[in-house]
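Chemist: All I have is the shape, not the residue letters:
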Ligand code: ZN
């Protein structure tokens, strides 16, 4: 089933979501929710979806950056973003530690549909969380996967990318594609007057 993705302005996107117990994670309701969130993310399409985005204030997100989607992106763009395939998985009750200097790329969000902006994100992360079986899991990530994790975990604590973006870089996805998509980020910043 495809769930409705709520847009900026819904209070649920601005709340700290609640943690789930291991028992809840293993229960049929959360297992069903995970299945529906996976279908909704693939249909959107997106590389991550957090429970608050479907109206539920729970600390749960699904992530997947499949090879099939990456084939639609030029190889040089994949390389500069450190974007490699990430299999489907679930992140519950995450605790995030960031490492390394921030890296800036354009980012979008299914709950801020049609818009994009440059967002600085830490180059590397470590995440302690539970998985879809309620088992403890430790994730180390860099590149685009580190960005996805930071974006999705922000959702679980009421933060959207617009809170972290270079405000002068906000633009429609149409205009990003039309005017800016092929330029290096340093050149984009220069032309947009971002110091
Ligand atoms: Zn988002």
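Modeler: Here it is on my side, so go on. Please read these numbers as outputs of a predicted model, since none were measured by experiment.

Chemist: how about the helices of the protein, start to end?
Modeler: 22-26, 28-43, 67-70, 75-81, 143-155, 173-175, 185-192 (DSSP state H).

Chemist: most neighbours per residue, which of those helices?
Modeler: Highest mean neighbour count of the helices of the chain: helix 143-155, a mean of 23 (counted as mean count of other C-beta atoms under 10 Å). All C-beta atoms are positioned from the backbone trio N, CA, C, and that covers glycine.

Chemist: The biggest strand by length in the chain: partners in the sheet, and parallel or antiparallel?
Modeler: Looking across the chain with DSSP state E, the single longest strand is strand 86-107. The pairing partners recorded for strand 86-107 under DSSP bridges are strand 60-65 (antiparallel), strand 115-130 (antiparallel).

Chemist: Check the offset of that strand from the chain's centre.
Modeler: 8 Å (C-alpha atoms, centre = their mean, to the nearest Å).

Chemist: among the helices of the chain, which is nearest residue 4?
Modeler: Ranking these by their distance to residue 4 (criterion: C-beta to C-beta) puts helix 28-43 first, at 8.5 Å.

Chemist: who's in contact with the closest one?
Modeler: 1-3, 5, 20, 24, 47-49, 51, 54, 56, 58, 60, 62, 64, 88, 90, 132 (C-beta atoms under 8 Å, 6 or more residues apart in numbering).
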